[in-house]
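>>> Sequence and predicted structure are below.
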Amino acid sequence: PGTFGQNGMKLDFEPIAPVDAAVDAFVVPAGFTWVPILRWGDGLFPDSPAFDPAAQTPEAQARQFGYNNDYSAIQIDPDSDGNAAVLFANHEYVNPGIMFPPDMDQAVARAVARQAQGLSVVDLTRSGPEQPWQVNVDGEHNRRFLIETEYEFTGPAAGSSLLQTKDYPEGDRAQGTLGNCSGGLTPWGTLLSGEENFNTYFVSAAASEAEKRYGMLSEPTETGWEQDLERFDTRNEGYENEANRFGWIVEVDPWDPESTPVKHTAMGRFKHEGANVIVADDGHVVAYMGDDEKFDYLYKFVSKGTYQEGDREANKQLLTEGDLYVAQFAGTSDDEIDGSGALPEDGGFDGTGTWLPLVQEGKSQVSGFSVEEVLVNTRLAADAAGATKMDRCEDVEPSLTTGKVYVACTNNDERGVGGGAGPDEANPRTENRDGHVVELTEADGQTGTAFNWSLLLVCGDPAKNDSAYFSGFPADQVSPISCPDNVAFDSAGTLWISTDGAPSSIGYNDGLFKVTLEGEERGKVEQFLSVPVDAETCGPVIHDQDGSVFVSVQHPGEDGEYTAQRSAFPDYVDADGDGSFTLPRPAVVQVLRAEPSEQDA
Ligand code: FEO
Ligand code: CA
Ligand code: CA
Ligand code: CA
C-alpha cells in the first residue's frame, strides 16, 4: 500500500538530479520534505541561553548543541510509546572564521570553540509516527561532553607510562575528546565515536618516530589552544604524552547520564574514523575500523568475551579486551593493474586477504613492540606487520543482514604519484580523486583471519570518467557519486552512502545515496538528497519503517567569512536581523514524507 518500496525497504523515491556545487540548498526527492531538528547553538537544557551569534560565551556554548556534528544516532526509547528517543551526536571540529564576529576577543572565541566540540546526548519527542522529532530540553538523558570531561581508559594500555601526564600521573584517564568523526551504535545501545585528526590540536617537538608517523607538528596550531592551556603544547614538561590520550575509540552510554565515558585502548590508537560492531555466530563481538589517512590501514577487533543478551553491564565490557588485527589485501590479477582504473581481464577488482594479528590472547604479535606499544603506536606496529596501504578508509560497517563488510575508501590523490605507493588491485587508480567502496566477505566466519573482497563501486561521474564502475550495473543509469565517507543500512539491508568532497572532484554538492546490493540491480546508485554549499553529508540514519532519513549537515558555507557568508542553512533567514548577512549553522536534519503514508496516518 501507499508509497512502500521493494524488498521490505519502506522508502520509495525517485532519485534527485545532482546539484551543482556552490548552490546553497538542501534538496530532497519529490514527495519529501525536510526539517532541521537540532542546530549549532540550540539549547539542550531548561537553562540554556538562546543562541546569540554576536554575544557568544563559553558558558552558553557548554549548554548548547556543539558545532560540526558528524556522526549521529537516534534510538527509540523502548520504555516509551514510540514517540520518545535519545539522540547522540559528536562535534568534530570548528570553523572559527565563519562562527565568530571578527572583532570578538580571540581568547573568548577560542574558549567558545573548545566548548563547541565534544559530544551531545539529548532526548527527542514527537507527536506520532512519521512526524518530526523535536528536542526535549527537560529530557533526563540530556548531556554535553566538554573539553574537561573525564574519560576512563580501559584495556591493556590503561595506566601505561605512555599515557601518564603531570595532571594524570596514573595514566588512567583523559580529559576531553577531539576530532570525533564517524561512529557506531552497539547492539547493547551504547555509542562508539572515533577520534580522528587529534594531532592538529597539539604543538609538539615532532621528534620521535611515533610523533612523525601521527602527523604531529612543531608549528602553532590553527585552533591556538596552546596559548590558553599548557597541555596542548607537548613540549611543556609533564605533557609529553598528552596527545597519546587522544586517537582512541570512545564509548558512551546515552541511557545513563551518570556514566563515565571510556576510551578503549584494546582497539588501538590511530586516526580513528569510527567503529561498527557485529555479534559473530560464536558470540564474540567484532568491530571494524578505518584509519583515515592516505596510505593507512583497515583494522578489526575481536572481543575476548561474548555477548550476553539482556546484560548491558557485561556487554559494556566487551571492547575492553580482545585481539587486534590489520588487513592485508592480495589481488587476483596484480600484474594487470596499471592505475587507469580499467577493469582487469578477469572482469573485476577482487581477491583475497588476511587479518594480520597485532595483539592476540593478550600478547604482542609484532616483534620489538610490547602490547602497550602496539596499542598506543598502532600505526608503527601495523607498518611492521606489513599491512596494505589503503586510499583513506573512512567508515567501515558490517551489514547485520549478511555479515559482509563495506569499506568506504574516500579518495587518495597521492596514489601512484610522488613517493606514494603505486596502484594495486584493492586501490586500483593513480591519483584516486573519487574513491571506491570495498565489499569484504569473511571466509572463516566473522572472527576468522581470512577474507575475500571485491570493489563494489569505483566512484566517479560516469559521464566524465570511464573508470567509474558500479558492479556491472549500466553506468548511464546511476547517480554520479564521489568521495564515499559514511555508510549505513536500512531495515532491508540496503546500503546507503554519504559523501564528503564531491564539489572538488565531480563538481556537485555532497549527498546521500542508496546502493542496491542484491539481485539484478546490484551496483545501482540513486541519489536521495543533496546538502548545501561547502557542506559534507554525515551520520546518515535510515529509519525507513518510519518514513524518515536523518543526516548531519557538517560545515555548511565553510569557505566563507563571518561577514561574507556563503550559506544561510538551515533557516535561510538573516540571523542578526540587520540584513547584512546570514549565519550558517551545522544541523541534524530529518527528511520525511510530505504526506504521511496511508498505512501510518
Ligand atoms: Fe572526519 Fe575521515 O572524515
Ligand atoms: Ca568522515
Ligand atoms: Ca567530517
Ligand atoms: Ca571525510
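Nice, I can see it. Residues are numbered from 1 along each chain as shown. Ligands and ions are numbered 1, 2, ... in the order given.
>>> What are the boundaries of the helices in the stretch 251-400 of the chain?
According to DSSP state H, counting those that start in this stretch, the stretch 251-400 of the chain carries its helices in the segments 312-315, 371-376, 378-385.
>>> Relative to A85, which of those helices is closest?
Closest to A85 of the helices of the stretch 251-400 of the chain, according to C-beta to C-beta: helix 312-315, at 17.9 Å. Quick note: C-beta positions are derived from backbone N, CA and C, even for glycine.
>>> Show me what counts as buried in the closest one.
N315 (16 or more other C-beta atoms under 10 Å).
>>> Please compute how far that helix lies from its chain's middle.
Chain-centre distance of helix 312-315: 24 Å, with C-alpha atoms, centre = their mean, to the nearest Å.
>>> I'd like the helices of the stretch 251-400 of the chain as TSV, with distance to ligand 1 and mean pLDDT appended.
What follows is these, written out as TSV (distance: least, C-beta to the nearest ligand atom, whole Å; pLDDT from 0 to 100):
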stretch	distance to ligand 1	mean pLDDT
helix 312-315	27	97
helix 371-376	21	98
helix 378-385	15	98
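>>> looking at the ones you listed, which is closest to ligand 2?
Ligand 2 lies closest to helix 378-385 among those, at 18.3 Å (C-beta to the ion).
>>> name the helices or strands packed onto the closest one?
For helix 378-385, the helices and strands in contact under the criterion 3 or more C-beta pairs under 8 Å, 6 or more residues apart in numbering; DSSP states H and E are helix 209-213, strand 322-331, strand 350-360, helix 371-376.
>>> Mind putting those into TSV with mean neighbour count and distance to G194?
Putting the helices and strands packed on helix 378-385 into TSV (neighbours: other C-beta atoms under 10 Å; distance: least, C-beta to C-beta, whole Å) gives the following:
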stretch	mean neighbour count	distance to G194
helix 209-213	16	18
strand 322-331	23	15
strand 350-360	20	18
helix 371-376	23	15
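>>> Ligand 2: which of the ones you listed is closest?
Among the helices and strands packed on helix 378-385, strand 322-331 sits nearest to ligand 2 (C-beta to the ion), with 18.8 Å.
>>> for the closest one, what is the average pLDDT?
Averaging pLDDT along strand 322-331 gives 98.
>>> Strand 350-360 and that strand, what's the angle between them?
150 degrees (axes from the mean of the first three to the mean of the last three C-alpha atoms, to 10 degrees).
>>> Given strand 322-331, what are its sheet partners and their directions?
Looking at strand 322-331 with DSSP bridges, its partner strands are strand 298-306 (antiparallel), strand 350-360 (antiparallel).
>>> Make TSV out of the helices of the stretch 251-400 of the chain and add distance to E14.
Shown next, in TSV, are the helices of the stretch 251-400 of the chain (distance: least, C-beta to C-beta, whole Å):
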stretch	distance to E14
helix 312-315	41
helix 371-376	48
helix 378-385	44
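>>> and those helices as CSV, adding distance to ligand 2?
Below are the helices of the stretch 251-400 of the chain laid out as CSV (distance: least, C-beta to the ion, whole Å):
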stretch, distance to ligand 2
helix 312-315, 26
helix 371-376, 23
helix 378-385, 18
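>>> State the distance from the most centrally placed residue in the chain to M104.
For the chain, S182 is the residue whose C-alpha lies nearest the centre (C-alpha atoms, centre = their mean; 1.5 Å). The gap separating S182 from M104 is 31 Å, by C-beta to C-beta, to the nearest Å.
>>> residues from the stretch 201-350 of the chain in reach of ligand 1?
E273, D292 (C-beta under 6 Å from any ligand atom).
>>> Residue in the stretch 201-350 of the chain with the shortest distance to ligand 2?
Per C-beta to the ion, E273 is where the stretch 201-350 of the chain lies closest to ligand 2, at 5.7 Å.
>>> who in the stretch 401-550 of the chain is up against ligand 1?
Counting by C-beta under 6 Å from any ligand atom, no residue of the stretch 401-550 of the chain is near ligand 1.
>>> low-confidence ranges in the stretch 401-550 of the chain?
Counting by pLDDT under 70, the stretch 401-550 of the chain shows no low-confidence range.
>>> any idea where the strands of it begin and end?
Taking DSSP state E, counting those that start in this stretch, the strands of the stretch 401-550 of the chain run over residues 405-409, 436-442, 450-458, 484-489, 495-499, 511-515, 525-530, 536-543, 548-554.
>>> Going by proximity to ligand 4, name the top residue of the stretch 51-200 of the chain.
For the stretch 51-200 of the chain, C-beta to the ion, closest residue to ligand 4: C181, 7.2 Å.
>>> Apart from its neighbours in sequence, what residue is nearest that residue?
Excluding its sequence neighbours, the residue lying closest to C181 (C-beta to C-beta, 6 or more residues apart in numbering) is E196, at 4.0 Å.
>>> number of nearby residues for that neighbour?
Neighbourhood size, E196 [other C-beta atoms under 10 Å]: 27.
>>> can you pull the contacts of it?
Taking C-beta atoms under 8 Å, 6 or more residues apart in numbering, we find E196 in contact with E92, G179, N180, C181, K271, H272, E273, D292.
>>> Specify the beta-bridge partners of the third one.
Partner residues in beta bridges with N180, using DSSP bridges, are E195.
>>> and what of W34?
Legend: beta-bridge partners of W34 under DSSP bridges are V591.
>>> Which residue lies closest in space to whatever residue of the stretch 251-400 of the chain ends up closest to ligand 1, excluding its sequence neighbours?
When scored by C-beta to the nearest ligand atom, the stretch 251-400 of the chain has D292 as its residue closest to ligand 1, at 3.5 Å. Leaving aside its sequence neighbours, D292 sits nearest to E273 (C-beta to C-beta, 6+ apart; 4.4 Å).
>>> Surely the one you found touches G183?
No - counting by C-beta atoms under 8 Å, E273 stays clear of G183, with 9.0 Å between them.
>>> Next, show the common contact partners of these two.
Residues touching both E273 and G183 by C-beta under 8 Å, 6+ apart: G194.
>>> What is the longest helix seen in the chain packed up against?
In the chain, assigned by DSSP state H, the helix with the most residues is helix 106-115. Contact here means 3+ C-beta pairs under 8 Å, 6+ apart; on that basis helix 106-115 packs against helix 58-61, helix 96-99.
>>> highest average neighbour count across these?
helix 96-99 (a mean of 20; mean count of other C-beta atoms under 10 Å).
>>> Contacts for that one, please.
Counting by C-beta under 8 Å, 6+ apart, 53, 56, 67, 109-110, 112-113, 116, 223, 557-558, 560-562, 565, 583-584 sit against helix 96-99.
>>> Among the residues you listed, which are located in strands?
In strands, defined here by DSSP state E, there are no members of the contacts of helix 96-99.
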